[in-house]
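Student: Model the structure of this input:
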Amino acid sequence: MIQKLSSDERTRQLAKLTGWQSIDGRDAIHRHIEFADFNEAFGFMTRVAIKAQEMDHHPEWFNVYNQVDITLSTHEASGVTERDIALASFIDSITV
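Tutor: Below is the predicted model of the structure:
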């Protein structure tokens, strides 16, 4: 069974990430990213989709033109887990 992170663990892990924040009223993390244009945003989303499929861990996201909003939470654990941190770390590694 996947365990959600404690509040202290989540705080420590978030400090290692770039631009990720906790969401008020929900055990999830969020990041907003802006790109040069739609093509760059869509390319980014494609790379994340491939990684997410490999991990069997899929983000909630929203895209308009050059902007992508990403929310991560592990539904089966009802909160943020190491899976979310791993996917967030990958996302950080492919953004400038």
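
Student: Ignoring the adjacent residues along the chain, who's closest to Glu76?
Tutor: Nearest non-adjacent residue to Glu76, counting by Cβ to Cβ, 6 or more residues apart in numbering: Ile2, 6.0 Å away. All C-beta spots, glycine's among them, are computed from the backbone N, C-alpha and C.

Student: show me where pLDDT drops low in this structure?
Tutor: Under the criterion pLDDT under 70, the flagged ranges of the chain are 96.

Student: Sketch out the strands for it, chain order is fine.
Tutor: 21-23, 26-34, 60-64, 67-72 (DSSP state E).

Student: quick one: which of those strands is nearest Thr95?
Tutor: Evaluated over these, closeness to Thr95 peaks at strand 26-34, with 5.9 Å, by Cβ to Cβ.

Student: What are the contacting residues of that closest one?
Tutor: For strand 26-34, the external contacting residues (Cβ atoms under 8 Å, 6 or more residues apart in numbering) are 4, 10, 14, 17, 19-23, 41, 44, 66-73, 78-80, 84, 88, 91, 95.

Student: ok, of the residues you listed, which come out buried?
Tutor: Neighbour counting by 16 or more other Cβ atoms under 10 Å classes 4, 10, 14, 17, 20, 41, 44, 68, 70, 72-73, 79-80, 84, 88, 91 among the contacts of strand 26-34 as buried.

Student: before we move on, the earlier item: in CSV: the strands of the chain, plus distance to Ala49.
Tutor: Listed next are the strands of the chain as CSV, based on distance: least, Cβ to Cβ, whole Å:
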stretch, distance to Ala49
strand 21-23, 22
strand 26-34, 15
strand 60-64, 9
strand 67-72, 11
